[in-house]
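Chemist: After the sequence you'll find the predicted model.
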Amino acid sequence: MSRDEQHDNGAASGGRGGRPRRGPGGGAGPRGGGAARGRRGPDARSGIPDPRGAGDRDGQGARSGRGRAAERRDAGERRDRPRDGSRRNTQGHERNRRSQHERSFSAQTPGQRRRQSDPARLTAFRALRAVNSEDAYGNLVLPGLVREHRLDRRDAAFATELAYGAMRWSGTWDAVLAQCVDRPLEQLDPAVLDALRLGTHQLLAMRVPDHAALDATVGLVRGEIGQGPAGLVNAVLRKVARRTQEEWLEHLSAEQPDEWRRMGIRHAHPVWEIRALRRALRATGRDPEEITALLEADNEAPRVHLVALPGLGDLAPVLDAGAEPGDLVADSAVSGGGDVHRVPGTREGVVRVQDAGSQLVARVLAAAPVADDTGHWADLCAGPGGKAALLAALAHQRGASLLANEVSEHRSDLVRQSLAPVPREAWDVRTGDAREIPSRHADAFDRVLVDVPCTGLGALRRRPEARWRRTPSDVANLAGVQRELLAAALDATRPGGVVLYATCSPHTAETHDVLHDLLERRTDVAVLDTARLAGQAALPGAFDGARAAGHDVPGGGTAVQLWPHVHGTDAMYMVALRKRA
Ligand SMILES: C[S@@+](CC[C@H](N)C(=O)[O-])C[C@H]1O[C@@H](n2cnc3c(N)ncnc32)[C@H](O)[C@@H]1O
């Protein structure tokens, strides 16, 4: 199983978190709700991910974000609810009689009647603590905690939605909490603040009855932190519960000084990222007004894309098992749900989870025309190895071989693991700084992939906490190494060979500006028509009409920018360059 979706700077994974409910306008607000009181309108979505995907190690999200458990709960709810909208059970007794202004819920949730914290909420709490106090990656830490707490599928799905949801929406929930706590949030014990975020997510974005969210969160705090803070948490969450999600969003939005901040609240993204994403849409020829759709897509759990390594894996059993054929690249599929580790071929590593955008990157490099290809290919920034495995399999089919380089020892090990299913003669792994490669391998390779370390702003669906962790200074800090790695890639490429510069960030400082600076400095490089290469490497029609992904590059040639809301992939950027003879 590829782990390339799991790690920072790569097409990291995560997205098992459930998707927040769609807002009244169809947007993915944390808790849409239609009518003002409609916390759970008839079309509301549970936001609870498919429990069948909850334990997958790759970390990609369950496709629907909606699980059997939620469906069972809904089914129970529908049985109980007569057409007149009152809530009667099968014996006709009316239950939960409330005024129109009170909230109603259908879900039975883990620990609903327990006074102490239950394992699902404890798991979510520990995941959130690890992320916020130890800088752990949510999508890496949660699966281990789920195993440690021996959660069944339903509780695993609940814990996942709760943890990922609280991570994803923490900026918005903090704005809510700031109005309910009588002191600056920074003055709270960080563990208490995390518990409040979890409680708020249950109250505003999940099908958890108020009393259950309150009791369970207070019980959690009592058990994990102490009796003192339990009182504070109780009082604060009662204030949170006085408004619906939509009412909170309206209220907070009305206080914002401008549209950027309103968007930030409503779509749970930092303002600087919204500005950068909107700028990137415009720079790549798309309508900047697509920003809302993009932010909503970022808040959805990604569909689980699978790839069969060419010549090694077979998609037929995967499709027989319920997956759908992918619509972007050959040999790909979209999981139909369930535990991807049971998909035939995953155990052997010849079928693996990989975002279709990442698959396309490898295929574009392999498809670029190179006269007299001598079969020397390189991947300069290979860890953890997802693209390297696909490239090596493609190389093997052509009698070529891949040098997969990675600076980190640990990630080099992951690259080796990832490459293991590919015949050994088709690859080698080097551990070291790619910027040193030209000193030993100048003008050596026919095809070079340089998938640079980046902010990962194109992979926010997979990494629930990443958006709040990144800062504009990260962009500036990465600028130098991105330029140096691209220069090294060109120096390591033989005249006539091709370099593919790729990044899973659409930020123009990591895409357009890097390319622009290179073209200013070097005369030995020509930008290829990357859009055409991508069209040839992709399935027919993949980029037709509104799905077009290419845009012109100053001075000639094109680059490709994929988008989650358009292509259903990470926002991968790629541009192919020919080193002039
Ligand atoms: C975006 S990730 C690559 C993802 C990878 N291509 C895949 O598909 O699995 C960038 C990688 O570059 C590595 N890296 C960062 N600086 C590097 C350097 N100077 N030389 C080589 N690798 C570097 C990082 O450790 C990280 O593993």
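Modeler: Happy to help now that I have it. Numbering: from 1, shown residues only.
Chemist: Which residue ranges make up the domains of the protein?
Modeler: In terms of domains, the chain is parsed into 51-92+100-254, 353-579 (source: automatic domain parsing).
Chemist: Would you mind naming what in the chain lies close to the ligand?
Modeler: By C-beta under 6 Å from any ligand atom, the residues of the chain that approach the ligand are 4, 9-10, 358, 380-387, 405-408, 411, 433-435, 451, 453, 481. Quick note: C-beta positions are derived from backbone N, CA and C, even for glycine.
Chemist: ok so, going back, among the domains of the chain, which is nearest residue 311?
Modeler: domain 353-579 (5.0 Å; C-beta to C-beta).
Chemist: How far does the closest one stretch from one end to the other?
Modeler: 33 Å (C-alpha to C-alpha, to the nearest Å).
Chemist: Same check on stretch 319-326?
Modeler: 10 Å.
Chemist: So which residues make contact with that stretch?
Modeler: With contact meaning C-beta atoms under 8 Å, 6 or more residues apart in numbering, stretch 319-326 is reached by 305-306, 315, 332-338, 342-344, 356, 539.
Chemist: Repeat the analysis, applying 6 Å as the threshold.
Modeler: Residues outside stretch 319-326 that contact it (C-beta atoms under 6 Å, 6 or more residues apart in numbering) are 332, 333, 334, 335, 336, 356.
Chemist: now for these, which pair is the farthest apart?
Modeler: So, these by C-beta to C-beta: farthest apart are 336 and 356, at 15.5 Å.
Chemist: more crowded one of these two?
Modeler: residue 356 (28 against 18; other C-beta atoms under 10 Å).
Chemist: give me every residue that touches that one.
Modeler: So residue 356 contacts 305, 326, 328, 329, 332, 569 (C-beta under 6 Å, 6+ apart).
Chemist: any idea which of those residues has the most stuff around it?
Modeler: Going by other C-beta under 10 Å, residue 305 tops the contacts of residue 356 with 28 neighbours.
Chemist: For it, report the pLDDT, please.
Modeler: For residue 305, the model assigns a pLDDT of 97.
Chemist: Could you shift the numbering so residue one becomes 45, and keep it that way?
Modeler: In the new count, where the first residue is 45, that last one comes out as residue 349.
Chemist: Next, it: phi, psi?
Modeler: Torsion angles at residue 349 (phi, psi; degrees, to the nearest 10) stand at phi -90, psi 140.
Chemist: I figured it hits residue 399, correct?
Modeler: Yes: counting by C-beta atoms under 6 Å, residue 399 is a contact partner of residue 349 at 5.4 Å.
Chemist: any idea which element the residue nearest to residue 331 when sequence neighbours are not counted lies in?
Modeler: Spatial nearest neighbour of residue 331, excluding adjacent residues (C-beta to C-beta, 6 or more residues apart in numbering): residue 325 at 6.9 Å. Here residue 325, judged by DSSP states H and E, is contained in helix 315-327.
Chemist: now the angle between helix 315-327 and the helix or strand just after that helix, please.
Modeler: Toward the C-terminus, helix 315-327 is succeeded by helix 335-342 as the next helix or strand (DSSP H and E). Computed by axes from the mean of the first three to the mean of the last three C-alpha atoms, to 10 degrees, the angle separating helix 335-342 from helix 315-327 equals 120 degrees.
Chemist: ok, then the element right after helix 335-342?
Modeler: Assignment by DSSP H and E places the next element after helix 335-342 at strand 349-352.
Chemist: So which of the residues of the chain next to the ligand are in strands?
Modeler: 449, 450, 495 (DSSP state E).
Chemist: now these as TSV including pLDDT and distance to residue 503?
Modeler: Compiled in TSV, those are given as follows (pLDDT from 0 to 100; distance: C-beta to C-beta, whole Å):
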residue	pLDDT	distance to residue 503
449	98	22
450	98	18
495	98	12
